[in-house]
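Q: Whatever this is, show me its structure:
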Amino acid sequence: MTQQHPAGATQKPPFWVRYYDLLSGVLALGRMQAVHQATLNLAGIRPGERLLDVGCGTGELALAAQERIGRNGQIVGLDAEAAMIAQAQRKVAGAHNPVTFRQGTVAAMPYPEGHFDVAIASLMIHHLPDPQSGLVDILRVLKPGGRFLVVDIDPTQRSLISMLHHNMPQKDFVRDALPELLAAIGFSTITTGKHPFKKFSYALAIK
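A: Okay, here's the model as predicted:
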């Protein structure tokens, strides 16, 4: 849970946030950039699109999408953790690019209906206590025909990542249970599979 701080107060990022990128690289066996590119491939990112990165963390996936989206598109990173957003914003300070970062929750996003072409939730879905109700607003902000890609840990695959998330149900939620939830929300044409980084699974749904 994100703590509230008085207006104007200086917030020192938690220890784990300051070393989040380093830890992610270790867990991905030094292949995090390749993981991001594979995720963007699965989402079918195209020039000029509007991309929403839900649970963006420190912004690495959103920043990796810049070259594909181009300056005529838009990339928004959204995360509930203020310290994560602060770190992501430092990465784009003074730069002229289509990436912006904003603190917010997936259940009440500050964007109009039909605003985005594609949304990605990478390693975020397991944080939601109620995934179905938590994802309803993603459908709202997507354009008709918009794509929603979920990538998350497959706990059936033994790895350092799954060991650190030992409290997760020991089943592949993304492939086994998520398609039914996405269909109930109103998504269609739902496909699932293994992410090229074999410790992850994905589900791709169309509005």
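
Q: drop to CA atoms for contacts and neighbour counts, all remaining ones
A: Fine.

Q: Check the burial of I45 by counting its neighbours.
A: 18 (other Cα atoms under 10 Å).

Q: actually T39, not the one I typed
A: So T39, with other Cα under 10 Å, has 23 neighbours.

Q: For it, give me its contacts.
A: By Cα atoms under 8 Å, 6 or more residues apart in numbering, the residues touching T39 are 151, 195.

Q: Ok, the one 10 residues further on next?
A: For E49, the contacting residues are 69, 72-74, 116-118, taking Cα under 8 Å, 6+ apart as the criterion.

Q: Now it. Nearest residue, chain neighbours left out?
A: Counting by Cα to Cα, 6 or more residues apart in numbering, the nearest residue to E49 once its immediate chain neighbours are dropped is G73, at 4.9 Å.

Q: for the record, mean pLDDT for the longest strand belonging to the chain?
A: Looking across the chain with DSSP state E, the single longest strand is strand 142-153. For strand 142-153, mean pLDDT rounds to 96.

Q: Return the set of buried residues in that strand.
A: Using 16 or more other Cα atoms under 10 Å as the test for burial, strand 142-153 gives 142-143, 146-153.

Q: could those residues be laid out in TSV, adding distance to H36?
A: Putting the buried residues of strand 142-153 into TSV (distance: Cα to Cα, whole Å) gives the following:
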residue	distance to H36
L142	21
K143	23
G146	20
R147	17
F148	16
L149	13
V150	13
V151	10
D152	12
I153	14
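
Q: tell me the two of the residues you listed that are most distant?
A: Using Cα to Cα, the buried residues of strand 142-153 reach their maximum pairwise distance at K143 and I153, which is 27.3 Å.

Q: Which residue ranges of the chain form strands?
A: Applying DSSP E to the chain gives strands spanning 50-54, 74-79, 99-103, 116-122, 142-153, 188-194, 200-206.

Q: in the protein, which spans are helices?
A: 15-18, 20-27, 32-43, 60-64, 66-69, 82-92, 131-134, 136-141, 160-164, 173-176, 178-185 (DSSP state H).

Q: CA atoms only: put the fifth one into CSV for me.
A: Spelled out, that is helix 66-69. Extracted in CSV, the C-alpha atoms of helix 66-69 (Å, rounded to 0.1, in the frame of the first residue of the first chain):
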residue,chain,number,x,y,z
GLN,A,66,9.5,4.5,-27.8
GLU,A,67,11.3,3.4,-30.9
ARG,A,68,8.3,1.4,-32.1
ILE,A,69,5.6,4.0,-31.3
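
Q: what stretches of this protein score poorly on pLDDT?
A: By pLDDT under 70, the low-scoring segments of the chain are 1-31, 95, 157-170.

Q: are any of the contacts of E49 buried, and which?
A: By 16+ other Cα under 10 Å, the contacts of E49 give 69, 73-74, 116-118 as buried.

Q: Tell me which two in those are the farthest apart.
A: I69 and F116 (12.5 Å).
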